[in-house]
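Enquirer: No sequence on hand, only this structure:
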(Lines give C-alpha, C1' and ligand atoms only; values in the text may rest on other atoms or scores of the structure.)
Protein backbone atom coordinates (compact mmCIF):
# COMPACT_ATOMS: atom_id res chain seq x y z
CA UNK A 1 0.00 0.00 0.00
CA UNK A 2 1.14 3.61 -0.53
CA UNK A 3 3.02 5.25 2.32
CA UNK A 4 0.97 7.53 4.60
CA UNK A 5 2.81 10.52 3.15
CA UNK A 6 0.97 9.99 -0.15
CA UNK A 7 -2.37 10.71 1.56
CA UNK A 8 -1.26 14.32 2.08
CA UNK A 9 0.67 15.02 -1.08
CA UNK A 10 2.29 18.50 -1.09
CA UNK A 11 2.48 18.42 -4.89
CA UNK A 12 -0.53 19.97 -6.58
CA UNK A 13 -1.03 16.93 -8.80
CA UNK A 14 -2.46 16.80 -12.28
CA UNK A 15 -6.04 17.80 -12.83
CA UNK A 16 -8.18 14.68 -12.40
CA UNK A 17 -10.10 13.30 -15.33
CA UNK A 18 -13.80 13.87 -14.94
CA UNK A 19 -16.16 10.91 -14.94
CA UNK A 20 -19.74 11.84 -15.69
CA UNK A 21 -21.06 8.85 -13.75
CA UNK A 22 -19.49 10.18 -10.54
CA UNK A 23 -20.17 13.92 -10.89
CA UNK A 24 -23.02 13.74 -8.39
CA UNK A 25 -20.71 12.20 -5.77
CA UNK A 26 -18.02 14.80 -6.36
CA UNK A 27 -20.58 17.61 -6.09
CA UNK A 28 -22.29 16.21 -2.99
CA UNK A 29 -19.05 15.67 -1.13
CA UNK A 30 -17.70 19.07 -2.16
CA UNK A 31 -20.78 20.59 -0.53
CA UNK A 32 -20.21 18.42 2.55
CA UNK A 33 -16.53 19.25 3.08
CA UNK A 34 -17.18 22.61 4.87
CA UNK A 35 -19.14 20.67 7.48
CA UNK A 36 -16.25 18.25 8.01
CA UNK A 37 -13.41 20.80 7.88
CA UNK A 38 -14.74 24.29 8.52
CA UNK A 39 -13.10 25.31 5.23
CA UNK A 40 -14.97 26.64 2.19
CA UNK A 41 -12.15 26.48 -0.37
CA UNK A 42 -12.03 22.71 -0.83
CA UNK A 43 -13.31 20.51 -3.59
CA UNK A 44 -13.86 16.75 -3.71
CA UNK A 45 -13.16 14.51 -6.66
CA UNK A 46 -14.60 11.00 -6.73
CA UNK A 47 -13.74 8.64 -9.59
CA UNK A 48 -12.29 5.18 -10.16
CA UNK A 49 -8.53 5.42 -9.67
CA UNK A 50 -8.63 8.82 -7.98
CA UNK A 51 -6.16 9.16 -5.12
CA UNK A 52 -2.95 8.74 -7.10
CA UNK A 53 -2.59 5.07 -6.18
CA UNK A 54 -3.84 5.50 -2.61
CA UNK A 55 -7.45 4.90 -1.53
CA UNK A 56 -7.72 8.66 -1.04
CA UNK A 57 -5.49 11.71 -0.70
CA UNK A 58 -5.49 15.41 0.14
CA UNK A 59 -3.67 17.85 -2.13
CA UNK A 60 -3.03 21.06 -0.10
CA UNK A 61 -1.85 23.21 -3.02
CA UNK A 62 -4.86 22.25 -5.12
CA UNK A 63 -7.23 22.37 -2.09
CA UNK A 64 -8.66 19.11 -3.33
CA UNK A 65 -9.66 15.81 -1.72
CA UNK A 66 -9.66 12.75 -3.95
CA UNK A 67 -11.39 9.45 -3.15
CA UNK A 68 -11.11 6.27 -5.20
CA UNK A 69 -14.65 5.31 -6.26
CA UNK A 70 -13.66 1.63 -6.04
CA UNK A 71 -14.51 1.84 -2.33
CA UNK A 72 -18.04 2.97 -3.21
CA UNK A 73 -18.86 0.43 -5.89
CA UNK A 74 -21.51 1.62 -8.31
CA UNK A 75 -22.48 5.31 -8.60
CA UNK A 76 -26.18 4.45 -8.13
CA UNK A 77 -25.65 2.43 -4.95
CA UNK A 78 -27.17 5.28 -2.94
CA UNK A 79 -27.95 9.00 -3.15
CA UNK A 80 -24.88 10.97 -1.97
CA UNK A 81 -27.01 14.04 -1.25
CA UNK A 82 -28.93 12.22 1.49
CA UNK A 83 -27.45 12.08 4.99
CA UNK A 84 -28.01 8.33 5.24
CA UNK A 85 -25.73 7.53 2.31
CA UNK A 86 -22.72 7.28 4.62
CA UNK A 87 -24.17 4.13 6.22
CA UNK A 88 -24.28 2.45 2.82
CA UNK A 89 -20.64 3.27 1.97
CA UNK A 90 -18.96 3.55 5.40
CA UNK A 91 -15.43 2.86 4.19
CA UNK A 92 -15.55 5.39 1.36
CA UNK A 93 -17.13 8.00 3.62
CA UNK A 94 -14.48 7.22 6.24
CA UNK A 95 -11.82 7.94 3.63
CA UNK A 96 -13.45 11.31 2.98
CA UNK A 97 -13.44 12.06 6.72
CA UNK A 98 -9.79 10.97 7.00
CA UNK A 99 -8.71 13.34 4.23
CA UNK A 100 -10.90 16.05 5.70
CA UNK A 101 -8.96 15.60 8.94
CA UNK A 102 -5.75 16.27 7.04
CA UNK A 103 -7.30 19.29 5.35
CA UNK A 104 -8.42 20.74 8.69
CA UNK A 105 -5.47 19.85 10.92
CA UNK A 106 -2.38 18.89 8.88
CA UNK A 107 -1.39 22.50 8.37
CA UNK A 108 2.37 22.06 8.71
CA UNK A 109 4.89 21.39 5.95
CA UNK A 110 8.07 19.38 6.19
CA UNK A 111 10.97 21.88 6.45
CA UNK A 112 13.44 21.85 3.53
CA UNK A 113 16.48 19.69 4.16
CA UNK A 114 14.68 17.22 6.42
CA UNK A 115 16.15 13.73 5.94
CA UNK A 116 13.65 11.43 4.20
CA UNK A 117 13.69 8.96 7.09
CA UNK A 118 12.59 11.73 9.47
CA UNK A 119 9.91 12.90 7.03
CA UNK A 120 8.60 9.33 6.80
CA UNK A 121 8.29 9.05 10.57
CA UNK A 122 6.51 12.41 10.75
CA UNK A 123 4.03 11.27 8.07
CA UNK A 124 3.26 8.11 10.05
CA UNK A 125 2.73 10.05 13.29
CA UNK A 126 0.54 12.62 11.52
CA UNK A 127 -2.04 9.93 10.67
CA UNK A 128 -3.18 9.43 14.26
CA UNK A 129 -2.60 13.09 15.22
CA UNK A 130 -4.94 14.41 12.52
CA UNK A 131 -7.60 11.79 13.31
CA UNK A 132 -7.30 12.58 17.02
CA UNK A 133 -7.93 16.27 16.32
CA UNK A 134 -10.85 15.46 14.02
CA UNK A 135 -12.43 13.22 16.65
CA UNK A 136 -11.94 15.91 19.29
CA UNK A 137 -13.71 18.48 17.13
CA UNK A 138 -16.41 16.14 15.73
CA UNK A 139 -16.79 13.18 18.06
CA UNK A 140 -19.21 11.36 15.77
CA UNK A 141 -16.54 11.05 13.07
CA UNK A 142 -14.78 8.34 15.08
CA UNK A 143 -17.35 5.86 13.79
CA UNK A 144 -16.34 6.49 10.19
CA UNK A 145 -12.60 6.78 10.85
CA UNK A 146 -12.67 3.25 12.29
CA UNK A 147 -13.77 1.97 8.88
CA UNK A 148 -10.85 3.75 7.24
CA UNK A 149 -8.02 2.14 9.18
CA UNK A 150 -8.20 -1.20 7.39
CA UNK A 151 -8.49 0.45 3.97
CA UNK A 152 -5.21 2.30 4.56
CA UNK A 153 -3.27 -0.81 5.67
CA UNK A 154 -1.99 -3.96 3.98
CA UNK A 155 0.01 -6.98 5.22
CA UNK A 156 2.80 -5.78 2.94
CA UNK A 157 3.26 -2.82 5.29
CA UNK A 158 5.16 -5.21 7.60
CA UNK A 159 7.21 -7.36 5.19
CA UNK A 160 9.84 -8.39 7.77
CA UNK A 161 10.15 -8.55 11.54
CA UNK A 162 12.55 -5.68 12.19
CA UNK A 163 12.46 -2.69 14.52
CA UNK A 164 11.67 -0.15 11.78
CA UNK A 165 8.56 -1.91 10.51
CA UNK A 166 7.41 -2.85 14.01
CA UNK A 167 7.67 0.80 15.02
CA UNK A 168 5.80 1.92 11.90
CA UNK A 169 3.02 -0.54 12.70
CA UNK A 170 2.91 0.81 16.25
CA UNK A 171 2.65 4.37 14.91
CA UNK A 172 -0.18 3.44 12.56
CA UNK A 173 -2.25 1.20 14.87
CA UNK A 174 -1.21 1.44 18.51
CA UNK A 175 -1.15 5.24 18.29
CA UNK A 176 -4.75 5.17 17.05
CA UNK A 177 -5.74 3.46 20.30
CA UNK A 178 -4.46 6.46 22.26
CA UNK A 179 -6.24 8.68 19.71
CA UNK A 180 -9.44 6.75 20.59
CA UNK A 181 -10.12 5.75 17.02
CA UNK A 182 -9.79 1.99 17.60
CA UNK A 183 -9.69 -0.01 20.82
CA UNK A 184 -6.91 -2.02 22.47
CA UNK A 185 -9.02 -5.15 21.99
CA UNK A 186 -9.07 -4.56 18.22
CA UNK A 187 -5.30 -4.85 17.92
CA UNK A 188 -4.42 -7.20 20.76
CA UNK A 189 -2.51 -9.51 18.42
CA UNK A 190 -0.69 -6.65 16.70
CA UNK A 191 0.43 -5.21 20.04
CA UNK A 192 1.81 -8.60 21.10
CA UNK A 193 3.79 -8.96 17.86
CA UNK A 194 5.15 -5.42 18.03
CA UNK A 195 6.15 -5.89 21.66
CA UNK A 196 7.97 -9.12 20.79
CA UNK A 197 10.03 -7.39 18.10
CA UNK A 198 10.71 -4.08 19.88
CA UNK A 199 10.66 -4.99 23.56
CA UNK A 200 8.55 -3.28 26.20
CA UNK A 201 11.07 -0.54 27.01
CA UNK A 202 11.43 0.63 23.40
CA UNK A 203 7.69 0.50 22.80
CA UNK A 204 7.13 2.58 25.94
CA UNK A 205 9.53 5.25 24.63
CA UNK A 206 7.77 5.32 21.25
CA UNK A 207 4.40 5.63 22.95
CA UNK A 208 5.61 8.66 24.90
CA UNK A 209 6.54 10.25 21.58
CA UNK A 210 3.24 9.68 19.79
CA UNK A 211 1.29 10.87 22.84
CA UNK A 212 3.28 14.11 22.68
CA UNK A 213 2.51 14.32 18.96
CA UNK A 214 -1.21 14.21 19.75
CA UNK A 215 -0.86 17.42 21.78
CA UNK A 216 1.02 19.67 19.34
CA UNK A 217 -0.63 22.43 17.33
CA UNK A 218 -1.73 21.96 13.74
CA UNK A 219 0.95 24.36 12.42
CA UNK A 220 3.85 23.34 14.67
CA UNK A 221 6.19 21.75 12.12
CA UNK A 222 9.30 22.21 14.28
CA UNK A 223 7.96 20.13 17.18
CA UNK A 224 6.66 17.47 14.83
CA UNK A 225 10.07 17.10 13.17
CA UNK A 226 11.88 17.15 16.55
CA UNK A 227 9.71 14.29 17.76
CA UNK A 228 10.37 12.40 14.53
CA UNK A 229 14.11 12.77 15.21
CA UNK A 230 13.55 11.37 18.70
CA UNK A 231 11.70 8.42 17.18
CA UNK A 232 14.71 7.64 14.98
CA UNK A 233 17.11 7.87 17.91
CA UNK A 234 15.00 5.42 19.93
CA UNK A 235 15.30 2.96 17.04
CA UNK A 236 19.07 3.47 16.81
CA UNK A 237 18.90 5.36 13.50
CA UNK A 238 21.08 8.41 12.89
CA UNK A 239 19.38 10.32 10.05
CA UNK A 240 22.59 12.27 9.38
CA UNK A 241 24.38 9.06 8.40
CA UNK A 242 21.32 7.06 7.31
CA UNK A 243 19.04 9.60 5.63
CA UNK A 244 16.92 7.09 3.71
CA UNK A 245 14.26 4.92 5.38
CA UNK A 246 15.47 1.35 6.08
CA UNK A 247 14.46 -1.06 3.35
CA UNK A 248 13.28 -4.59 4.13
CA UNK A 249 15.70 -7.42 3.44
CA UNK A 250 14.36 -9.13 0.28
CA UNK A 251 15.97 -12.37 1.44
CA UNK A 252 13.69 -12.67 4.47
CA UNK A 253 10.21 -14.12 4.69
CA UNK A 254 7.36 -12.22 6.31
CA UNK A 255 6.96 -13.05 9.98
CA UNK A 256 4.79 -12.41 13.01
CA UNK A 257 4.16 -8.74 12.20
CA UNK A 258 2.61 -9.58 8.82
CA UNK A 259 0.60 -12.43 10.36
CA UNK A 260 -0.74 -10.23 13.16
CA UNK A 261 -1.68 -7.51 10.68
CA UNK A 262 -3.36 -10.08 8.42
CA UNK A 263 -5.36 -11.42 11.38
CA UNK A 264 -6.53 -7.89 12.23
CA UNK A 265 -7.53 -7.01 8.67
CA UNK A 266 -9.25 -10.36 8.13
CA UNK A 267 -11.26 -10.09 11.35
CA UNK A 268 -12.47 -6.64 10.36
CA UNK A 269 -13.80 -8.05 7.08
CA UNK A 270 -15.35 -11.11 8.70
CA UNK A 271 -12.91 -13.50 7.01
CA UNK A 272 -10.45 -16.08 8.27
CA UNK A 273 -6.78 -15.10 7.88
CA UNK A 274 -6.38 -17.79 5.19
CA UNK A 275 -9.39 -16.51 3.25
CA UNK A 276 -8.14 -12.93 3.46
CA UNK A 277 -4.62 -13.90 2.36
CA UNK A 278 -5.97 -15.89 -0.59
CA UNK A 279 -8.19 -12.97 -1.56
CA UNK A 280 -5.27 -10.54 -1.51
CA UNK A 281 -2.98 -12.86 -3.47
CA UNK A 282 -5.56 -13.56 -6.17
CA UNK A 283 -6.28 -9.84 -6.45
CA UNK A 284 -2.62 -8.84 -6.73
CA UNK A 285 -1.26 -11.83 -8.63
CA UNK A 286 -4.04 -12.89 -10.99
CA UNK A 287 -3.33 -13.98 -14.54
CA UNK A 288 -2.88 -11.28 -17.21
CA UNK A 289 -5.75 -10.83 -19.64
CA UNK A 290 -3.50 -12.00 -22.49
CA UNK A 291 -3.18 -15.49 -20.99
CA UNK A 292 -5.77 -17.83 -22.47
CA UNK A 293 -7.72 -20.76 -21.06
CA UNK A 294 -8.73 -24.02 -22.72
CA UNK A 295 -10.44 -27.26 -21.82
CA UNK A 296 -8.16 -30.11 -20.69
CA UNK A 297 -7.44 -32.83 -23.21
CA UNK A 298 -8.17 -36.53 -22.72
CA UNK A 299 -4.43 -37.12 -22.32
CA UNK A 300 -4.28 -34.59 -19.48
CA UNK A 301 -7.27 -36.16 -17.74
CA UNK A 302 -5.64 -39.58 -18.01
CA UNK A 303 -2.33 -38.23 -16.69
CA UNK A 304 -4.11 -36.68 -13.68
CA UNK A 305 -5.84 -39.99 -12.92
CA UNK A 306 -2.59 -41.95 -13.14
CA UNK A 307 -0.70 -39.49 -10.94
CA UNK A 308 -3.51 -39.52 -8.38
CA UNK A 309 -3.23 -43.35 -8.25
CA UNK A 310 0.53 -43.11 -7.74
CA UNK A 311 0.11 -40.63 -4.90
CA UNK A 312 -2.55 -42.83 -3.33
CA UNK A 313 -0.27 -45.89 -3.46
CA UNK A 314 2.58 -43.84 -2.01
CA UNK A 315 0.43 -43.16 1.03
CA UNK A 316 -0.54 -46.83 1.49
CA UNK A 317 2.40 -48.89 0.27
CA UNK A 318 3.40 -50.25 3.74
CA UNK A 319 0.32 -51.60 5.58
CA UNK A 320 0.63 -51.83 9.36
CA UNK A 321 -1.35 -53.88 11.92
CA UNK A 322 -4.19 -51.99 13.54
CA UNK A 323 -7.56 -52.56 15.21
CA UNK A 324 -10.85 -51.41 13.78
CA UNK A 325 -14.34 -51.39 15.40
CA UNK A 326 -17.08 -53.41 13.69
CA UNK A 327 -20.79 -54.07 14.10
CA UNK A 328 -20.46 -57.80 13.27
CA UNK A 329 -18.07 -60.63 14.21
CA UNK A 330 -15.44 -61.97 13.98
CA UNK A 331 -13.30 -60.16 16.49
CA UNK A 332 -13.04 -59.42 20.15
CA UNK A 333 -16.34 -58.61 21.90
CA UNK A 334 -16.43 -55.22 23.62
CA UNK A 335 -18.95 -55.67 26.42
CA UNK A 336 -19.86 -52.05 27.01
CA UNK A 337 -20.52 -51.45 23.32
CA UNK A 338 -22.54 -54.69 23.10
CA UNK A 339 -24.80 -53.51 25.94
CA UNK A 340 -25.20 -50.15 24.20
CA UNK A 341 -26.17 -51.88 20.96
CA UNK A 342 -28.82 -53.99 22.73
CA UNK A 343 -30.21 -50.91 24.43
CA UNK A 344 -30.48 -49.12 21.09
CA UNK A 345 -32.28 -52.08 19.53
CA UNK A 346 -34.66 -52.31 22.49
CA UNK A 347 -35.44 -48.63 22.14
CA UNK A 348 -36.38 -49.19 18.51
CA UNK A 349 -33.55 -47.08 17.13
CA UNK A 350 -30.92 -47.97 14.60
CA UNK A 351 -27.89 -49.40 16.47
CA UNK A 352 -24.76 -47.32 16.06
CA UNK A 353 -22.56 -49.06 18.65
CA UNK A 354 -19.74 -51.30 17.40
CA UNK A 355 -19.47 -54.27 19.84
CA UNK A 356 -16.71 -56.08 17.93
CA UNK A 357 -13.10 -55.14 17.45
CA UNK A 358 -11.10 -56.88 14.73
CA UNK A 359 -7.48 -56.87 13.71
CA UNK A 360 -6.72 -55.54 10.27
CA UNK A 361 -3.90 -54.32 8.10
CA UNK A 362 -4.25 -50.58 7.54
CA UNK A 363 -1.93 -48.01 5.97
CA UNK A 364 -0.05 -45.89 8.47
CA UNK A 365 -1.15 -42.28 8.90
CA UNK A 366 0.66 -40.13 6.39
CA UNK A 367 1.27 -36.37 6.50
CA UNK A 368 -0.26 -34.30 3.74
CA UNK A 369 1.80 -33.22 0.74
CA UNK A 370 2.29 -29.50 0.16
CA UNK A 371 3.89 -28.96 -3.25
CA UNK A 372 4.71 -25.60 -4.75
CA UNK A 373 5.85 -25.34 -8.38
CA UNK A 374 7.51 -22.15 -9.61
CA UNK A 375 7.87 -21.75 -13.37
CA UNK A 376 10.21 -19.27 -15.02
CA UNK A 377 8.19 -17.28 -17.59
CA UNK A 378 11.09 -15.30 -19.04
CA UNK A 379 11.74 -15.39 -22.76
CA UNK A 380 14.49 -18.01 -22.50
CA UNK A 381 11.98 -20.51 -21.05
CA UNK A 382 9.39 -20.12 -23.81
CA UNK A 383 9.42 -23.81 -24.77
CA UNK A 384 8.45 -24.78 -21.21
CA UNK A 385 5.38 -22.54 -20.96
CA UNK A 386 2.79 -24.83 -22.57
CA UNK A 387 3.90 -28.14 -20.98
CA UNK A 388 4.13 -26.58 -17.51
CA UNK A 389 0.69 -25.00 -17.93
CA UNK A 390 -0.63 -28.49 -18.59
CA UNK A 391 1.32 -29.84 -15.61
CA UNK A 392 -0.31 -27.30 -13.31
CA UNK A 393 -3.77 -28.65 -14.15
CA UNK A 394 -2.64 -32.28 -13.81
CA UNK A 395 -0.94 -31.75 -10.45
CA UNK A 396 -3.90 -29.83 -9.03
CA UNK A 397 -6.42 -32.56 -9.91
CA UNK A 398 -4.16 -35.38 -8.75
CA UNK A 399 -3.62 -33.61 -5.42
CA UNK A 400 -7.32 -32.92 -4.92
CA UNK A 401 -8.10 -36.63 -4.45
CA UNK A 402 -5.17 -37.28 -2.10
CA UNK A 403 -5.57 -34.71 0.66
CA UNK A 404 -2.65 -32.80 -0.85
CA UNK A 405 -2.21 -29.14 -1.61
CA UNK A 406 -0.37 -27.83 -4.64
CA UNK A 407 0.06 -24.48 -6.29
CA UNK A 408 1.77 -23.31 -9.47
CA UNK A 409 3.19 -19.80 -9.74
CA UNK A 410 4.76 -18.25 -12.80
CA UNK A 411 7.48 -15.65 -12.27
CA UNK A 412 8.71 -13.17 -14.83
CA UNK A 413 8.46 -9.43 -14.42
CA UNK A 414 5.63 -10.21 -11.96
CA UNK A 415 4.48 -13.25 -10.03
CA UNK A 416 1.28 -14.90 -11.28
CA UNK A 417 -0.71 -17.57 -9.43
CA UNK A 418 -1.82 -20.04 -12.11
CA UNK A 419 -3.20 -22.70 -9.79
CA UNK A 420 -4.26 -21.76 -6.24
CA UNK A 421 -4.12 -24.54 -3.63
CA UNK A 422 -7.14 -26.74 -2.91
CA UNK A 423 -9.10 -25.28 -5.82
CA UNK A 424 -8.45 -27.47 -8.87
CA UNK A 425 -9.15 -25.41 -12.01
CA UNK A 426 -11.77 -26.49 -14.52
CA UNK A 427 -9.64 -25.27 -17.43
CA UNK A 428 -5.96 -25.13 -18.29
CA UNK A 429 -4.51 -21.63 -17.97
CA UNK A 430 -1.82 -21.23 -20.61
CA UNK A 431 0.97 -18.93 -19.55
CA UNK A 432 3.06 -16.79 -21.88
CA UNK A 433 6.83 -16.61 -21.51
CA UNK A 434 8.43 -13.23 -22.06
CA UNK A 435 10.20 -10.58 -20.02
CA UNK A 436 12.67 -11.01 -17.17
CA UNK A 437 12.83 -12.93 -13.89
CA UNK A 438 12.62 -10.14 -11.33
CA UNK A 439 9.64 -11.66 -9.50
CA UNK A 440 11.32 -14.86 -8.26
CA UNK A 441 11.57 -13.57 -4.69
CA UNK A 442 7.86 -12.68 -4.70
CA UNK A 443 6.98 -16.11 -6.11
CA UNK A 444 8.85 -17.95 -3.33
CA UNK A 445 7.18 -15.85 -0.65
CA UNK A 446 3.73 -16.35 -2.17
CA UNK A 447 4.26 -20.13 -2.30
CA UNK A 448 5.30 -20.08 1.35
CA UNK A 449 2.25 -18.03 2.27
CA UNK A 450 -0.15 -20.29 0.39
CA UNK A 451 1.31 -23.62 1.51
CA UNK A 452 3.04 -22.88 4.84
CA UNK A 453 6.28 -24.32 3.51
CA UNK A 454 8.23 -23.38 6.63
CA UNK A 455 5.88 -25.12 9.06
CA UNK A 456 6.52 -28.77 10.04
CA UNK A 457 3.85 -31.45 10.18
CA UNK A 458 3.53 -32.08 6.46
CA UNK A 459 5.62 -33.21 3.49
CA UNK A 460 6.83 -29.94 1.97
CA UNK A 461 8.49 -29.49 -1.38
CA UNK A 462 9.23 -26.56 -3.68
CA UNK A 463 10.02 -27.34 -7.33
CA UNK A 464 11.52 -24.59 -9.50
CA UNK A 465 11.70 -24.87 -13.29
CA UNK A 466 14.21 -22.25 -14.37
CA UNK A 467 17.70 -21.73 -15.74
CA UNK A 468 18.54 -19.88 -12.51
CA UNK A 469 19.59 -16.70 -14.33
CA UNK A 470 18.15 -14.35 -11.69
CA UNK A 471 19.01 -10.71 -10.95
CA UNK A 472 19.02 -11.09 -7.13
CA UNK A 473 21.05 -14.22 -6.47
CA UNK A 474 22.04 -13.47 -2.87
CA UNK A 475 18.55 -12.84 -1.42
CA UNK A 476 17.21 -15.75 -3.50
CA UNK A 477 19.81 -18.03 -1.93
CA UNK A 478 18.86 -16.86 1.56
CA UNK A 479 15.21 -17.69 0.95
CA UNK A 480 16.15 -21.14 -0.36
CA UNK A 481 18.44 -21.75 2.62
CA UNK A 482 15.66 -20.76 5.02
CA UNK A 483 13.31 -23.28 3.42
CA UNK A 484 16.00 -25.97 3.50
CA UNK A 485 16.70 -25.42 7.19
CA UNK A 486 13.03 -25.70 8.08
CA UNK A 487 12.76 -29.07 6.33
CA UNK A 488 11.29 -28.04 2.98
CA UNK A 489 12.98 -29.82 0.08
CA UNK A 490 13.85 -27.61 -2.92
CA UNK A 491 14.05 -29.32 -6.33
CA UNK A 492 15.59 -27.16 -9.08
CA UNK A 493 15.03 -28.32 -12.67
CA UNK A 494 17.38 -26.54 -15.05
CA UNK A 495 17.29 -26.90 -18.86
CA UNK A 496 20.48 -28.62 -19.94
CA UNK A 497 20.85 -26.41 -23.02
CA UNK A 498 20.78 -23.13 -21.05
CA UNK A 499 23.55 -21.64 -18.96
CA UNK A 500 22.49 -20.61 -15.49
CA UNK A 501 23.22 -20.45 -11.80
CA UNK A 502 23.19 -23.44 -9.45
CA UNK A 503 21.96 -22.72 -5.93
CA UNK A 504 23.13 -24.52 -2.83
CA UNK A 505 20.67 -26.35 -0.56
CA UNK A 506 18.77 -27.58 -3.62
CA UNK A 507 18.58 -30.84 -5.53
CA UNK A 508 19.46 -29.61 -9.02
CA UNK A 509 18.61 -31.74 -12.04
CA UNK A 510 19.49 -30.95 -15.66
CA UNK A 511 16.54 -31.76 -17.93
CA UNK A 512 16.57 -32.08 -21.69
CA UNK A 513 12.93 -31.17 -22.28
CA UNK A 514 9.78 -29.97 -20.44
CA UNK A 515 8.26 -33.46 -20.22
CA UNK A 516 11.30 -34.67 -18.31
CA UNK A 517 10.85 -31.79 -15.87
CA UNK A 518 7.19 -32.68 -15.27
CA UNK A 519 8.06 -36.34 -14.72
CA UNK A 520 10.80 -35.39 -12.27
CA UNK A 521 8.39 -33.31 -10.19
CA UNK A 522 5.84 -36.15 -10.06
CA UNK A 523 8.48 -38.79 -9.22
CA UNK A 524 9.99 -36.67 -6.46
CA UNK A 525 6.57 -35.99 -4.91
CA UNK A 526 5.72 -39.71 -4.91
CA UNK A 527 9.09 -40.63 -3.41
CA UNK A 528 8.74 -37.98 -0.70
CA UNK A 529 5.36 -39.42 0.33
CA UNK A 530 6.68 -42.99 0.33
CA UNK A 531 9.57 -42.04 2.61
CA UNK A 532 7.52 -39.89 4.96
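Expert: Ah, there it is. What you see is a predicted model, and the numbers here were worked out from it, not measured in a lab.

Enquirer: Have a look at this structure and report the helix or strand with the lowest mean pLDDT.
Expert: strand 320-326 (a mean of 67; mean pLDDT, DSSP states H and E).

Enquirer: State the pLDDT value of the most far-flung residue of the chain relative to its centre.
Expert: In the chain, the residue that sits farthest from the middle, by CA atoms, centre = their mean, is residue 346; the gap is 57.0 Å. Here the pLDDT value assigned to residue 346 is 85.

Enquirer: Residue 527 too?
Expert: For residue 527, pLDDT reads 91.

Enquirer: what does residue 59 give?
Expert: 94.

Enquirer: Got phi/psi on it?
Expert: phi -110, psi 100 (degrees, to the nearest 10).

Enquirer: and if you look at residue 43?
Expert: Per degrees, to the nearest 10, the backbone of residue 43 is at phi -130, psi 150.

Enquirer: residues making contact with stretch 325-340?
Expert: With contacts defined as CB atoms under 8 Å, 6 or more residues apart in numbering, stretch 325-340 is touched by 341, 351, 353-359. Backbone N, C-alpha and C define where each C-beta goes, glycine included.

Enquirer: repeat for stretch 499-512
Expert: 464, 466-470, 473, 476-477, 480-481, 483-485, 489-497, 517, 520, 524.

Enquirer: Just the strands from the stretch 201-350 of the chain, written as ranges.
Expert: 292-294, 320-326, 332-333 (DSSP state E, counting those that start in this stretch).

Enquirer: again, but for the chain
Expert: 43-47, 56-59, 64-68, 292-294, 320-326, 332-333, 356-362, 369-376, 405-411, 415-419, 428-430, 459-465, 489-495, 507-511 (DSSP state E).

Enquirer: Redo those as JSON lines? Include distance to residue 248 and mean neighbour count.
Expert: JSON lines is the format used below for these (distance: least, CB to CB, whole Å; neighbours: other CB atoms under 10 Å):
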{"stretch": "strand 43-47", "distance to residue 248": "33", "mean neighbour count": "24"}
{"stretch": "strand 56-59", "distance to residue 248": "24", "mean neighbour count": "25"}
{"stretch": "strand 64-68", "distance to residue 248": "26", "mean neighbour count": "26"}
{"stretch": "strand 292-294", "distance to residue 248": "35", "mean neighbour count": "12"}
{"stretch": "strand 320-326", "distance to residue 248": "47", "mean neighbour count": "12"}
{"stretch": "strand 332-333", "distance to residue 248": "61", "mean neighbour count": "12"}
{"stretch": "strand 356-362", "distance to residue 248": "48", "mean neighbour count": "14"}
{"stretch": "strand 369-376", "distance to residue 248": "21", "mean neighbour count": "27"}
{"stretch": "strand 405-411", "distance to residue 248": "19", "mean neighbour count": "27"}
{"stretch": "strand 415-419", "distance to residue 248": "17", "mean neighbour count": "24"}
{"stretch": "strand 428-430", "distance to residue 248": "31", "mean neighbour count": "20"}
{"stretch": "strand 459-465", "distance to residue 248": "21", "mean neighbour count": "25"}
{"stretch": "strand 489-495", "distance to residue 248": "22", "mean neighbour count": "23"}
{"stretch": "strand 507-511", "distance to residue 248": "28", "mean neighbour count": "15"}
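
Enquirer: Those: which one's closest to residue 214?
Expert: With CB to CB, the closest approach to residue 214 among the strands of the chain belongs to strand 56-59: 19.5 Å.

Enquirer: Now for the residue lying closest to residue 42 once chain neighbours are set aside, how many residues are close by?
Expert: Leaving aside its sequence neighbours, residue 42 sits nearest to residue 33 (CB to CB, 6 or more residues apart in numbering; 4.5 Å). Neighbour count of residue 33, defined by other CB atoms under 10 Å: 23.

Enquirer: what sits against residue 33?
Expert: 39, 42-44, 65, 96, 100, 103.

Enquirer: got those residues as CSV, with distance to residue 435 and pLDDT columns?
Expert: Converted to CSV, those look like this (distance: CB to CB, whole Å; pLDDT from 0 to 100):
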residue, distance to residue 435, pLDDT
39, 47, 95
42, 43, 96
43, 41, 95
44, 39, 96
65, 38, 96
96, 39, 97
100, 42, 97
103, 42, 97
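
Enquirer: Enumerate every residue touching residue 234.
Expert: Counting by CB under 8 Å, 6+ apart, residue 234 has contacts 167, 202, 205-206, 209.

Enquirer: From those, list the buried ones, please.
Expert: For the contacts of residue 234, a burial check counting by 16 or more other CB atoms under 10 Å picks out 167, 202, 205-206, 209.

Enquirer: you'd agree residue 268 is up against residue 150?
Expert: Yes: assessed by CB atoms under 8 Å, residue 268 is found in contact with residue 150 at 4.6 Å.

Enquirer: for the chain, which helix is longest?
Expert: helix 116-137 (DSSP state H).

Enquirer: Show me what that one packs onto, helices and strands only.
Expert: helix 90-105, helix 142-151, helix 175-178, helix 200-213, helix 221-234 (3 or more CB pairs under 8 Å, 6 or more residues apart in numbering; DSSP states H and E).

Enquirer: just those: most buried one?
Expert: Greatest average neighbour count among these goes to helix 90-105 (a mean of 25), per mean count of other CB atoms under 10 Å.

Enquirer: and the two most separated of the buried ones among the contacts of residue 234?
Expert: Among these, 202 and 209 lie farthest apart (CB to CB), at 11.0 Å.

Enquirer: what does the model give the residue nearest the centre of the chain for pLDDT?
Expert: For the chain, the residue nearest the mean C-alpha position is residue 277 (4.5 Å; CA atoms, centre = their mean). Note on residue 277: pLDDT of 84.

Enquirer: doesn't residue 262 make contact with it?
Expert: Yes: taking contacts as CB under 8 Å, residue 277 lies within contact range of residue 262: 6.0 Å.

Enquirer: Could you name every residue contacting both of the two?
Expert: residue 155.

Enquirer: Where does pLDDT dip in the protein?
Expert: 1-18, 316-323, 360-366 (pLDDT under 70).

Enquirer: One more pass at 50, please.
Expert: 1 (pLDDT under 50).

Enquirer: Run a quick check on residue 130 versus residue 105, I expect a contact.
Expert: Yes: here residue 130 reaches residue 105: they are 4.7 Å apart, a contact under CB under 8 Å.

Enquirer: gap between the residue nearest to residue 292 when sequence neighbours are not counted and residue 288?
Expert: Excluding its sequence neighbours, the residue lying closest to residue 292 (CB to CB, 6+ apart) is residue 430, at 5.2 Å. Computed as CB to CB, to the nearest Å, the residue 430 to residue 288 distance reads 11 Å.

Enquirer: Against residue 370, how distant is residue 402?
Expert: Distance from residue 402 to residue 370, by CB to CB: 12 Å.

Enquirer: and if you look at residue 415?
Expert: Distance from residue 415 to residue 370, by CB to CB: 18 Å.

Enquirer: any residues touching stretch 514-531, and which ones?
Expert: With CB under 8 Å, 6+ apart, stretch 514-531 has contacts from 307, 310-311, 314-315, 317, 366, 369, 371, 373, 383-384, 386-388, 390-391, 394-395, 459, 461, 463, 465, 489, 491, 493, 507, 509, 511.
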